[in-house]
Every structure is written in C-alpha cells, then in structure tokens.
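1. turn this into a model:
(one chain, ligands or ions: 1)
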Amino acid sequence: MTDDSYRTHFKPMPPPEEVFESAEFMLKECPVAHSDQDGGFWVVNRHRDALAVLTDWRTFSSPGRVPAPPPGIQAPPMPPIDLDPPLQRDFRNIINPYLTPEVVEIFKPRIQKIVTELIDQFIDNGCCDLSGQFARPFASRVTFEILFDLDDPAQLELNLGFVHTMTYEFGSPKQPAAEKAWIEWMLSFVRQRRAQAPRHNLIDGLIHGTVDGGRPLTDEELYGAIMIITLGGFGTTADAIGNLMIRIAEDRSLQSQLRGDLGKLPDAIEESLRLEPPVSGVARTCTRQTTIGERTIEASERVLINFTAANRDPERFDDPGRFDMARDPAHLAFSGGPHRCVGSNLARLDIRLAFEELLTRMKNIRITPGDQVKRVSNAAAWWVPNYVPITFDRAG
Ligand code: HEM
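-> Numbering: from 1, shown residues only. Next up is the predicted model:
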C-alpha cells in the first residue's frame, strides 16, 4: 500500500512487508488512525499516546481482541492478561514473586544447561535453523523445565507442539484440536501436582494461591493463567532471539563488537526489542467516550496500540530507524501500565545467556549463502522470523 489507505484499511495483522512502512506512514499522517477492517478499530501509534492508553486501564479495558477471534473460536479467558485491576492485580501478586530479577538469577545454571544442550546438537554441523533448532525449543524448555519443574522429554515435546500451534498456527484448522489436547494435558498435570507436596514454583503458587479476597482460583482461571504464562514466554522470547541473530549475522562489525564485549549484550537486546518488538501491538476496549490526540473514541470501540510504531516514534527516539546501543531503553516492547510484561526479567536473562554462549562457541556467523530468512505473522506479531538459516565456524 502506498496511498493514504492505512488511514482506513490498516489490517489487524498487516503482512510482514508492510509493517514498518505502515508504522512510518501512520506516525506522520494519522497518528491516531481508524481502520474499517475487522469490524472497525482505532490504531494508536505515537509513543506518548500509547503510554497514556496503557496506563489508563479504567478507560481502556483489557482485552480488546484485534483481530477478533475467528468465528467458532472461543479464546479461553487468560488471567491476568484478560482482566482489569483489581482482580488482575491479585493474579500478578501470585505470579510476580516467582519472576523477580533476584529469583530469575537463581535459574541461571539451569538456563545455561539448556542452552549448552541445544547448541551441542548442531555445533558440529556448521549450520542450523536458529529458530527451529534453538530459539523455540529453548523458550519452551525454560518454561516447562524451570517454571513448571517438568522434566519428562516426551511431555516436553508434546508441549512444544501445543505452544507452536497456538502461537504460529493460531486460527488454523489445527488449533482447536491442539488447544483441547493441551487443556486435557493441563488437567492431568494440575491433578498430579495437587496430590503432591507443594514445591516452591510458579505452578504450585497458582494452585495454592488465592484471589478476590481469599478464594482459590477456579479451574478455568488456573488453566488460563498457565496458558498465558506459557504462550506469553514462548514465541516472544524465540522471536527476539531470531531477530537479534539476524541482525548480528548481517552486521559483522556489531558481531565482533558484541563478541569482544559480552557486557554490551543487554543494550543490544533492548535495541533489538525496540526496533523489532516480538509483540507488535496489544488491544484494549474503550469504556467511555474519550479523546486520544485529536480523535474522539466512543465507548465499546476497540483500540490497537501499535508498539512497532511507538518504538519508532521520532518524537521519542532520535533517528528512530538506527540501531543504537547507547539509547535509553524507553521502548514499549514489554508494554506499560498494569499489564507490563511479568516475564521481562526472565526474557532478558534468557536472551542474554543464549547469546553469551552462541557468540562464544560460534564465529563468522552469517546467513547461509543461497538460503534466506523467512518472516511471517503469528498470533501476537506481524514480523516474526520463522526460519533463520545461519552458517558459522566453530570457535575454539
Ligand atoms: C522478549 C520476550 C517477551 C516479550 C516481548 C513480551 C511482551 C509482553 C507484552 C507486550 C505484554 C503486555 C500485554 C498487554 O499490555 O496487554 C506481556 C504480558 C505478559 N507476559 Fe510477556 N513478553 C515476553 C516474555 C515473557 C515471558 C518469558 C513470560 C513468562 C514467564 C511472559 C509472560 C507474560 C504474562 C503472563 C503477561 C500478562 C501480564 C498481565 O496481563 O498482567 N512474557 N508480555
């Protein structure tokens, strides 16, 4: 699209090749745009407007569902992401203590063990698909092995299949069966855990936690919470790793800079998250008439907060398209307000530990000659590295 039709025809999940073009266009021409697609919704693009919407949860309620779920698909409620405070806060109070910076630091040796095992499987080949052979199994193993204390390889494989379908094949004919099978798996998993002595982990925290003035979680709330914790950390972490690897493989000077000083990785990770956020946008539903910028939004209208645009807003970031590790990391890749990502400490640690070892064990990383990166959209993002073919030399 090259005309002003983003104003009215912005797609709820734009094709990957239009993502950055549309963000730039809307920031310039219509920072609060209206699309008549998908039953109609607003698109908020400026960084300051995005932050204002995210923090005002009374006016902009969760969720907003853009795109609307496909007909016949009843997405299960997933607390805390589908709730507003105060009930949302009760769920956060259960989950937060298991994901603080101090707690995730304790996971470090276990995360490193998973990284090493996965790299061992392809290091001698001199090439791999970093998404399929490393990033996705890594993200799902961290969730299931560390957060859920599950170590049966068959169950890990089964769960990787479920989360893969729910993330990358959302809305496909395969989804309902995968979702049903996953809920059945969770049912027996939770039943088993309930019968065992509590361990100090997130699952038992949810099983034994209380909300709403002291009642235990309903089964539906429990499965929904397990589902969002699993899905929330899967494609996002995997795609963040894929995006940064593509950048490193294509920019040799950045690659040697980072290999020479692994201490720069946290800045590189933030800048990569800013430029290519693994969640492209989130939606809210307006509860009362209000204004954003010059536009009037009516009660019950849906609003899509476009992180891809907000993170490239020239009002907030100088020369926004430039990869600059010296910036202050004010991006919205982890959202803002009460729903700001509860897994951000773990995600940052995961990505850092992954690259510390990838950069130490591999050198001359490049996109495999004659092959190319494939990008797709998934349930949460419009710019996802689905296939990352790299070739490398073994270091040492
Ligand atoms: C690079 C990796 C990640 C990115 C970019 C990311 C992004 C986000 C974003 C944008 C939201 C806010 C949604 C909203 O405002 O409605 C969110 C919420 C959430 N994330 Fe993450 N996430 C990542 C990793 C993780 C991990 C590792 C976990 C699990 C341990 C996780 C679990 C969650 C949960 C449970 C919520 C809901 C929080 C709430 O509604 O209060 N995320 N994430």
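
2. which parts of the stretch 251-396 of the chain sit against the ligand?
-> 278-279, 282, 333-335, 339, 341-343, 346-347 (Cβ under 6 Å from any ligand atom). Where C-beta positions appear, they are placed from N, C-alpha and C, glycine not excepted.

3. ok, and the closest non-adjacent residue to whichever residue of the chain sits closest to the ligand?
-> Going by Cβ to the nearest ligand atom, the ligand is nearest to Gly343 of the chain, at 2.2 Å. Leaving aside its chain neighbours, Gly343 sits nearest to Gly233 (5.0 Å; criterion: Cβ to Cβ, 6 or more residues apart in numbering).

4. now do the helix or strand containing the one you found: distance to the chain's middle.
-> Element membership for Gly233 (DSSP states H and E) is helix 219-250. When distances are taken as Cα atoms, centre = their mean, to the nearest Å, helix 219-250 is centred 5 Å away from the chain's centroid.

5. tell me which residues in that helix are buried?
-> Neighbour-count burial for helix 219-250 flags 221-249 (criterion: 16 or more other Cβ atoms under 10 Å).

6. moving C-terminal of the helix or strand encompassing Glu21, what's the next helix or strand?
-> Per DSSP H and E: Glu21 is located in helix 19-29. The helix or strand immediately downstream of helix 19-29 is strand 32-35, counting by DSSP H and E.

7. elements contacting the very next helix or strand once past that next one?
-> Where DSSP H and E defines the elements, the next helix or strand beyond strand 32-35 is strand 41-44. On a contact count with 3 or more Cβ pairs under 8 Å, 6 or more residues apart in numbering; DSSP states H and E, strand 41-44 meets strand 32-35, strand 302-306.

8. burial measure for Ile183, as a count.
-> For Ile183, the count of nearby residues is 17 (other Cβ atoms under 10 Å).

9. which residues of the stretch 101-250 of the chain fall in helices?
-> For the stretch 101-250 of the chain, applying DSSP state H, counting those that start in this stretch gives helices covering 101-106, 108-120, 136-141, 153-168, 175-195, 202-208, 219-250.

10. can the third one be found next to the ligand?
-> Just to be clear, that refers to helix 136-141. No: Helix 136-141 does not reach the ligand (Cβ under 6 Å from any ligand atom); its nearest approach is 7.4 Å.

11. Leu54 is in contact with Phe60, correct?
-> Yes: counting by Cβ atoms under 8 Å, Leu54 is a contact partner of Phe60 at 7.5 Å.

12. who's more crowded, those two?
-> Legend: neighbour count by other Cβ under 10 Å for Phe60 and Leu54, higher for Phe60 (26 against 23).

13. what sits closest to the more buried one if chain neighbours are left out?
-> That would be Arg284: by Cβ to Cβ, 6+ apart, it lies 3.8 Å from Phe60.
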